[in-house]
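**Q** Kindly return the folded structure for what I paste below:
(one chain, ligands or ions: 2)
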Amino acid sequence: MAELSLGVVGAGYVGLTTAVCLAHLGHRVRCADIDKSKVDALRRGEVPISEPRLPELLAEGLRTERLRFTTEIAELRDADVVFVCVATPMGERGRADLRALESVLRELGGLLRPGTVLVLKSTVPVGTTARVPELTGRDDLPAVSNPEFLREGFAVRDFLEPDRIVIGGDAGADRVEALYSAFDAPVLRTDPASAELGKYASNAFLAVKLSYANELAELCEQVGADVRQVTRTMGLDDRIGPAFLRPGPGWGGSCLPKDVAALRRSARDRGMRFGLLNAAERTNAVQHERVVHKIQEVLTGSPYGSPAGQRIGLLGLTFKAGTDDLRDSPALAIAARLAARGAVLTGYDPAVPAAKGGSIPDLHVVDDPLLVAKDAAVLVVLTEWPDFRDLDWAQLAQLADRAAVVDTRNLLDADALARHGFTCRGIGIPTR
Ligand SMILES: NC(=O)c1ccc[n+]([C@@H]2O[C@H](COP(=O)([O-])OP(=O)(O)OC[C@H]3O[C@@H](n4cnc5c(N)ncnc54)[C@H](O)[C@@H]3O)[C@@H](O)[C@H]2O)c1
Ligand SMILES: O=c1ccn([C@@H]2O[C@H](COP(=O)(O)OP(=O)(O)O[C@H]3O[C@H](CO)[C@@H](O)[C@H](O)[C@H]3O)[C@@H](O)[C@H]2O)c(=O)[nH]1
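**A** Residues are numbered from 1 along each chain as shown. Ligands and ions are numbered 1, 2, ... in the order given. This is a model prediction of the structure:
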């Protein structure tokens with residue numbers, strides 16, 4: 001297709017990935033962000049987040065001069081299509097906070113040429129795309145909802161090889177579809193409301209599935225079953241599928257919690273109680289507490305015993321492996337609960353340097369897993385980094401006060417750890 005001039009607003013996980021990938025596909029892309037230090041870093045070819053392939057694609061875009069970064073949104077005025085990718089975090093009473101998005105749309109309304117297509121890639125509540133004329137003050141800017149489904153840690157891969165592309169809208173939708181013509185993925189053309197809701201519905205379903213797995217893990221412990229075998233049994237049924245059935249410390253990240261809350265709230269605003277979402281959220285909060293109880297049981301012999309004054313070593317701080325993102329991390333939620341009860345916490349994460357972790361309250365972040373083990377009464381695996389399997393567990397056993405592990409991701413080989421004298425308690429599996 002003919003090379004288009006594209007604009008992207010927001011250079012975060014979604015905006016930066018969109019910008020570098022569209023430049024990679026041969027388009028001229030201007031990416032605007034209000035964060036000057038981020039823009040300066042990107043111009044130097046430095047990627048502020050940890051995502052495979054982003055550095056190479058950024059370098060390529062800068063080298064070919066197809067990709068440029070700016071703090072001036074006005075530089076997007078000649079674009080044929082503008083992708084809006086700013087954050088829509090959790091706001092009051094669970095509602096999506098649309099202030100950044102609304103302000104961007106107002107600004108764009110003051111500068112774009114008639115006919116420029118506005119693409120909402122940010123996750124937005126039903127009805128937001130329909131409000132674009134009101135927010136821009138223009139009726140000559142076609143608006144399309146094109147939700148993004150990429151996962152952190154796989155951002156580039158998921159963008160370039162998506163499971164599906166959803167394009168909600170009428171005017172302008174053909175031009176957006178053409179941008180994706182090189183992709184081998186089903187394209188769903190929908191109305192804007194269905195596209196917007198499809199995004200929330202997908203994330204909320206994943207959250208429900210995870211809460212189900214976490215609750216099931218608890219039942220497994222009660223009845224003496226092994227959740228790994230139970231979920232394998234379920235996952236081999238094509239109708240269920242094996243993904244998103246691994247129990248853990250709770251689901252987190254910058255998307256699932258805020259999107260479940262926003263969907264629940266938008267149902268509530270229309271007089272509907274979406275009970276399943278309430279239950280999934282409640283189960284998630286309970287999961288944090290279950291992990292704390294498990295740790296307290298290992299420390300004191302009782303799930304309700306106090307961890308005050310005890311040294312606890314945390315292995316993994318990010319919300320999942322493969323990312324350096326700490327936003328809404330269950331690991332930090334659990335750390336906060338333990339710290340509030342007087343535990344003394346040290347943490348290590350391969351993606352979180354001590355300098356960056358310095359801002360986490362009540363947690364001393366170190367750059368060496370051995371320092372986490374030193375004098376610890378228990379080690380807690382909170383993120384499923386595969387590197388943790390290969391730690392020098394013999395040395396950790398020598399450094400620790402007690403050789404005890406709570407493995408909230410069922411990551412470690414309990415038999416191998418037992419050879420070094422460790423007891424290892426997982427989630428939903430028989431204790432060794
Ligand atoms: N992170 C993900 O994995 C992911 C995946 C799919 C969809 N989403 C959705 O995409 C949206 C963006 O998420 P994200 O994680 O990329 O956010 P982010 O916080 O990583 O990035 C947002 C960027 O927007 C910039 N920004 C804020 N106001 C601006 C303005 N007025 N003008 C220009 N730039 C501005 C910020 O400085 C920041 O760099 C959200 O709606 C999110 O729900 C996120
Ligand atoms: O079997 C599993 C799978 C995931 N998780 C947890 O679930 C959370 C979310 O994981 P994931 O969905 O991989 O994270 P994100 O990168 O935030 O991606 C989700 O949120 C994005 C933003 O909307 C969407 O685009 C993606 O499709 C959607 O998967 C994390 O805490 C994981 O540790 C588990 O506990 N067990």
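**Q** per-residue pLDDT, the closest residue to ligand 2 within the stretch 301-432 of the chain?
**A** Closest contact between the stretch 301-432 of the chain and ligand 2, by C-beta to the nearest ligand atom, is at residue 320 (3.5 Å). Where you see a C-beta, it was placed from the backbone N, CA and C, and this is true even at glycine. Note for residue 320: predicted pLDDT of 98.
**Q** burial of it, as a residue count?
**A** Other residues near residue 320 number 21, with proximity taken as other C-beta atoms under 10 Å.
**Q** Quick check: it vs residue 424, distance?
**A** Computed as C-beta to C-beta, to the nearest Å, the residue 320 to residue 424 distance reads 21 Å.
**Q** what do you get for residue 71?
**A** On the measure of C-beta to C-beta, residue 71 and residue 424 end up 50 Å apart.
**Q** the strands in the stretch 151-300 of the chain, which residues?
**A** Along the stretch 151-300 of the chain, the segments classed as strands by DSSP state E, counting those that start in this stretch run 165-168, 187-190.
**Q** Tell me which of those sits most buried.
**A** strand 165-168 (a mean of 22; mean count of other C-beta atoms under 10 Å).
**Q** now what about that strand, what contacts it?
**A** Identification of contacts with strand 165-168 by C-beta atoms under 8 Å, 6 or more residues apart in numbering yields 129, 144-147, 173, 176-177, 180, 183, 185-196, 198-199.
**Q** quick one: it near ligand 2?
**A** No - for strand 165-168, no contact with ligand 2 is found by C-beta under 6 Å from any ligand atom; the gap never falls below 11.7 Å.
**Q** ok, and for the lowest-mean-pLDDT helix or strand in the chain, which residues are buried?
**A** With mean pLDDT, DSSP states H and E as the measure, the helix or strand of the chain carrying the lowest mean pLDDT is helix 354-357 (a mean of 85). For helix 354-357, burial by neighbour count (16 or more other C-beta atoms under 10 Å) applies to residue 357.
**Q** Who are the packing partners of that helix?
**A** In terms of contacts (3 or more C-beta pairs under 8 Å, 6 or more residues apart in numbering; DSSP states H and E), helix 354-357 is packed against strand 364-365.
**Q** Determine which of the strands of the stretch 151-300 of the chain approaches residue 210 most closely.
**A** strand 165-168 (22.4 Å; C-beta to C-beta).
**Q** Quickly check: that closest one near ligand 1 or not.
**A** No - Strand 165-168 stays clear of ligand 1 (C-beta under 6 Å from any ligand atom), getting no nearer than 11.9 Å.
**Q** before we move on, what about stretch 51-63?
**A** No - using C-beta under 6 Å from any ligand atom, stretch 51-63 never reaches ligand 1; the gap is at least 9.7 Å.
**Q** Return the alpha-carbon coordinates of that stretch using CSV.
**A** Below are the C-alpha coordinates for stretch 51-63, written out as CSV (Å, rounded to 0.1, in the frame of the first residue of the first chain):
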residue,chain,number,x,y,z
GLU,A,51,10.5,-5.5,25.7
PRO,A,52,12.2,-7.9,23.2
ARG,A,53,12.9,-6.5,19.7
LEU,A,54,11.8,-2.9,20.6
PRO,A,55,15.5,-1.6,20.8
GLU,A,56,16.3,-3.1,17.3
LEU,A,57,13.0,-1.8,15.7
LEU,A,58,13.6,1.6,17.3
ALA,A,59,17.1,1.8,15.9
GLU,A,60,15.8,0.8,12.5
GLY,A,61,13.1,3.5,12.6
LEU,A,62,15.6,6.2,13.6
ARG,A,63,18.2,5.1,11.0
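**Q** So for that stretch, what gets flagged as buried?
**A** Applying a neighbour-count criterion of 16+ other C-beta under 10 Å, one finds 51, 53, 54, 57, 58, 61, 62 buried in stretch 51-63.
**Q** And stretch 120-133, by the same measure?
**A** For stretch 120-133, a neighbour-count test (16+ other C-beta under 10 Å) marks 120, 121, 122, 123, 124, 125, 126, 128, 129, 132, 133 as buried.
**Q** quick one: stretch 263-283 to chain centroid distance?
**A** Offset of stretch 263-283 from its chain centre (C-alpha atoms, centre = their mean, to the nearest Å): 21 Å.
**Q** Can you check the distance spanned by that stretch, start to finish?
**A** Start-to-end span of stretch 263-283 (C-alpha to C-alpha, to the nearest Å) is 17 Å.
**Q** residues in the stretch 1-150 of the chain within reach of ligand 2, list them.
**A** Residues of the stretch 1-150 of the chain lying near ligand 2 (C-beta under 6 Å from any ligand atom): 123, 148, 149, 150.
**Q** filter those by proximity to ligand 1?
**A** Among those, the residues lying close to ligand 1 (C-beta under 6 Å from any ligand atom) are 123, 148, 150.
**Q** shouldn't residue 148 be in contact with residue 16?
**A** No - contact criterion C-beta atoms under 8 Å: residue 148 and residue 16 do not qualify, at 11.9 Å.
**Q** the more surrounded of the two?
**A** Taking other C-beta under 10 Å, residue 148 and residue 16 do not tie; residue 16 has more neighbours (28 against 23).
**Q** helix or strand for the more buried one, which one?
**A** helix 13-24 (DSSP states H and E).
**Q** quick check, residue 372 in a strand?
**A** No - with DSSP: H, G, I helix; E, B strand; the rest coil as the criterion, residue 372 is located in helix rather than a strand.
**Q** And the helices in the stretch 251-400 of the chain?
**A** Counting by DSSP state H, counting those that start in this stretch, one finds helices in the stretch 251-400 of the chain at the ranges 256-269, 275-300, 330-340, 354-357, 369-373, 393-399.
**Q** want to throw the ones you listed into CSV with distance to residue 88?
**A** Output for the helices of the stretch 251-400 of the chain, formatted as CSV (distance: least, C-beta to C-beta, whole Å):
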stretch, distance to residue 88
helix 256-269, 8
helix 275-300, 18
helix 330-340, 21
helix 354-357, 24
helix 369-373, 35
helix 393-399, 42
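**Q** Pipe those into CSV and attach distance to ligand 2 per row.
**A** Formatted as CSV, these follow (distance: least, C-beta to the nearest ligand atom, whole Å):
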stretch, distance to ligand 2
helix 256-269, 5
helix 275-300, 9
helix 330-340, 6
helix 354-357, 18
helix 369-373, 20
helix 393-399, 23
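**Q** mind checking which of those helices is nearest ligand 1?
**A** Taking C-beta to the nearest ligand atom, helix 256-269 is the member of the helices of the stretch 251-400 of the chain nearest to ligand 1, at 6.7 Å.
**Q** just checking, what packs against that closest one?
**A** Helices and strands touching helix 256-269, as assessed by 3+ C-beta pairs under 8 Å, 6+ apart, comprise helix 192-223, helix 275-300.
**Q** Now tell me what touches stretch 32-48 from outside.
**A** Residues outside stretch 32-48 that contact it (C-beta under 8 Å, 6+ apart) are 7-12, 15-16, 31, 54-55, 58-59, 62, 69-73, 75-76.
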